[in-house]
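Asks: Pasting the sequence and the predicted coordinates here, then a few questions.
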Amino acid sequence: MLPLITTFISNANSAQDDVKSIKGLNAGNDEDMLIIVDVQNDFCPGGSLAVKDGDKIINNINTIQESFNHIVLTQDWHPEDHSSFVTQYDDVEVFSSIKMPYGDQTIWPAHCVRGTHGAQFHPKLNTLKARTIIRKGFRKEIDSYSAFWENDKVTPTGLEGTLKTMGIKRVFVCGLALDFCVAYSAVDASIAGFETYVIMDVTKPVDLPGSVDATFKAFKKFGVNIVTS
């Protein structure tokens, strides 16, 4: 398992020579959007898919929000019989990968079931400034990591069009978890043509074998920038 932020920044430096801060980028103008990914009870300590120290980034996320005029929250919102849940299979192990019609799918503990405590935003997260909540994974047959697309890469959430209509040029991404929903959202934002940044000290990984390394390779391949707060 990889250590925390020290390893993240070390990996970031391997991918990019110059890791900037959002303050140095003057982040928060009217062409900037902050996407806060899945800061929900089930991804924090005590949750069914808890990310180590996932709750420790929340105060800093709240502070960062003060600099942004435009904020989007994403929220995992699954039916209880979602096809990515290990509870739906007799002979599949949690965190293994299976083939779905849309590609490889990681099998997860049941989490963020709509309407449950686990699906709610963490109580310490300031949600008042957000203009939009993107709910993901609500279709039983398909998972959704990205704020922009279902995992089939065919079904859009509508966020791309909204941001372009608003005149957004830069997207800053933080939240949970780095190596899945944060990464997918950041890569898709970059592919859509937004100048994209992941704020590394306000994200944490699930950290499955190879997942963090794969994340940084994807960031480099698709032009996702690494910053700190």
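Replies: Done, it's in.
Asks: tell me which residues of stretch 197-216 are tucked away?
Replies: 197-208, 211-212, 215-216 (16 or more other C-beta atoms under 10 Å). Using the backbone N, CA and C atoms, a C-beta is placed for each residue, glycine as well.
Asks: roughly how far is that stretch from the heart of the chain?
Replies: Its chain's C-alpha centre and that of stretch 197-216 lie 10 Å apart, by C-alpha atoms, centre = their mean, to the nearest Å.
Asks: The chain should start at 391 in everything you say after this.
Replies: Will do, 391 is the new start, and the previous item becomes stretch 587-606.
Asks: now the strands: where do they sit in the chain?
Replies: Along the chain, the stretches classed as strands by DSSP state E are 410-411, 422-427, 461-466, 487-490, 493-496, 522-526, 560-566, 585-594, 615-618.
Asks: give me the number of residues near Cys571?
Replies: Neighbour count of Cys571, defined by other C-beta atoms under 10 Å: 25.
Asks: scratch that, Asp481
Replies: Residues near Asp481, counting by other C-beta under 10 Å, number 4.
Asks: can I assume Ile412 is in contact with Phe562?
Replies: Yes - applying C-beta atoms under 8 Å, one finds Ile412 in contact with Phe562, separated by 6.5 Å.
Asks: what about these two, which has more around it?
Replies: For Ile412 versus Phe562, neighbours defined as other C-beta under 10 Å are more numerous around Phe562 (29 against 22).
Asks: which ones are touching that one?
Replies: Ile412, Ala417, Asp422, Met423, Leu424, Ile425, Phe458, Thr586, Tyr587, Val588, Ile589, Val617 (C-beta atoms under 8 Å, 6 or more residues apart in numbering).
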